[in-house]
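>>> Next come a sequence and a model predicted from it.
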Amino acid sequence: MNNSTKRKQKDVLALMKTNFEVKLENENDLSVFTVKFHGPADTPYEGGVWDVRVQLPDQYPFKSPSIGFLNRIYHPNIEFSSGAVCLDVINQAWSPMFEIKHVFEVFLPQLLLYPNPSDPLNREAANLLSSNKNQYDLIVKKFVQQYAKPKNQDSKIHENTNESNKKEEISAEVTVSDISDLSDDPDSLYDSMYGSTNRSNLN
């Protein structure tokens, strides 16, 4: 067993001893697994549960893990179609001192608590957060209701490989009147933002 494999085993077992639910894609391989991640309390993400896929590279821990949200989340620093995460501490600033459990105990909660609209993967979310925090919070909550409630998760998981091939450039504005006139149906809210054609392609 090489040093990378030993470290993967150590870190994954440490994660499994926390309160996070961990599911290996292959019981004989600790390199790829999903983690149930709960939205932080006192944020618009509260009550949401996301399946986050983790892939540990062969060079782990000297190379950072790949992290991606499988069910949809509305956030400036999370790519809308693929669920990829833009976070310095997971990417450029990763250190071998970090463990996988730090990603879920510290890094991702901080990302949801303190979005960074100046370095966006989702420009629409970044612009809305900067211009109208109340609208942003409302849309986040609508996405939580539609995509991140446990009863909805199985049918709302991304097909990441297929979607990466058909990603579209989305551009839209949402006004206060658009929001106030909408019903509680998340699809209506989504259509006002992106159009029904985009929604049918992305679900």
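Thanks, I have it. Numbers count the residues shown, from 1 in each chain.
>>> count of residues packed around residue 106?
Look at residue 106: counted by other Cβ atoms under 10 Å, it has 12 neighbours. Using the backbone N, CA and C atoms, a C-beta is placed for each residue, glycine as well.
>>> measure it to residue 55 for me?
Going from residue 106 to residue 55 by Cβ to Cβ, to the nearest Å gives 20 Å.
>>> my read is residue 68 is in a strand, agree?
Yes: the assignment for residue 68 is a strand, going by DSSP: H, G, I helix; E, B strand; the rest coil.
>>> Write down the beta-bridge partners of it, one by one.
Beta-bridge pairing of residue 68 under DSSP bridges involves residue 53, residue 84.
>>> Was I right to think it contacts residue 53?
Yes: using Cβ atoms under 8 Å, residue 68 makes contact with residue 53 at a distance of 5.0 Å.
>>> any shared contact partners between those two?
residue 83 (Cβ atoms under 8 Å, 6 or more residues apart in numbering).
>>> Run through the residues that contact the spatially most central residue of the chain.
For the chain, the residue sitting closest to the mean C-alpha position, by Cα atoms, centre = their mean, is residue 69 at 3.6 Å. Residues counted as contacts of residue 69 (Cβ under 8 Å, 6+ apart) are 50-53, 78, 83, 85, 158.
>>> Also residue 75?
Residue 75 neighbours (Cβ under 8 Å, 6+ apart): 111-112, 115, 122, 125, 140.
>>> again, only this time at 10 Å
By Cβ atoms under 10 Å, 6 or more residues apart in numbering, residue 75 lies in contact with 44-45, 69, 83, 85-86, 111-112, 115-116, 120-122, 125-126, 129, 136, 140, 143.
>>> follow-up on the earlier one: in terms of pLDDT, where does the nearest residue to the residue nearest to the centre of the chain once chain neighbours are set aside sit?
Leaving aside its sequence neighbours, residue 69 sits nearest to residue 83 (Cβ to Cβ, 6 or more residues apart in numbering; 3.6 Å). We have a pLDDT of 96 for residue 83.
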